[in-house]
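Q: could you work out the structure for the sequence below:
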Amino acid sequence: MSQKILIVDDEDHLRMLIEQTLEELEDEGVELLTAANGEEALDMIIEEKPNLVFLDVMMPKMNGIEVCRKVKQELKLNEIFIIILTAKGQELDKQKGKDVEADVYMTKPFDPDELLDKAREVLNL
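A: All right, here's what the predicted structure looks like:
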């Protein structure tokens, strides 16, 4: 069964950048999915059950913190690994990420290699 990564960001260029960063994983059978807002992300998570989600925080319709809370606390999909990506690196923001049970909290701008390494680690590649 192929593994799936969902990339969620409302900014097209960032979504594409993350997708390009993770492209080489497609050679290892990983399917890359994308969503442009929180609502779309939640629908895709429920439907596709990705193994890993890179989730932006500041988005229209539903922010990343809300999405994470719904996935982890309401739907109890704890097998889905969520990495929150945000421009906000303050302790308070990190605490919000912990409160909704995000697995990892990464700040933008991120290092593409770090992103790829983290994905490999989570998916055991």
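Q: can you give me the strands in the protein?
A: Ranges of strands in the chain, per DSSP state E, are 3-8, 30-35, 52-56, 81-86, 104-107.
Q: export the ones you listed as a markdown table, with columns for mean neighbour count.
A: For the C-beta atoms, the positions are set from N, CA and C on the backbone; glycine is no exception. Shown next, in a markdown table, are the strands of the chain (neighbours: other Cβ atoms under 10 Å):
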| stretch | mean neighbour count |
| --- | --- |
| strand 3-8 | 23 |
| strand 30-35 | 19 |
| strand 52-56 | 27 |
| strand 81-86 | 23 |
| strand 104-107 | 16 |
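Q: among these, which is nearest Leu17?
A: The minimum distance between Leu17 and the strands of the chain falls on strand 3-8, with 9.5 Å, by Cβ to Cβ.
Q: CA atoms only for the closest one - export them in PDB, please.
A: Only the C-alpha atoms of strand 3-8 are listed here, as PDB (Å, rounded to 0.1, in the frame of the first residue of the first chain):
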ATOM      1  CA  GLN A   3       2.200   6.000   1.600                       C
ATOM      2  CA  LYS A   4       0.700   9.400   1.200                       C
ATOM      3  CA  ILE A   5       1.800  12.900   2.200                       C
ATOM      4  CA  LEU A   6      -0.600  15.800   2.200                       C
ATOM      5  CA  ILE A   7       0.800  19.300   1.700                       C
ATOM      6  CA  VAL A   8      -1.500  22.000   3.000                       C
END
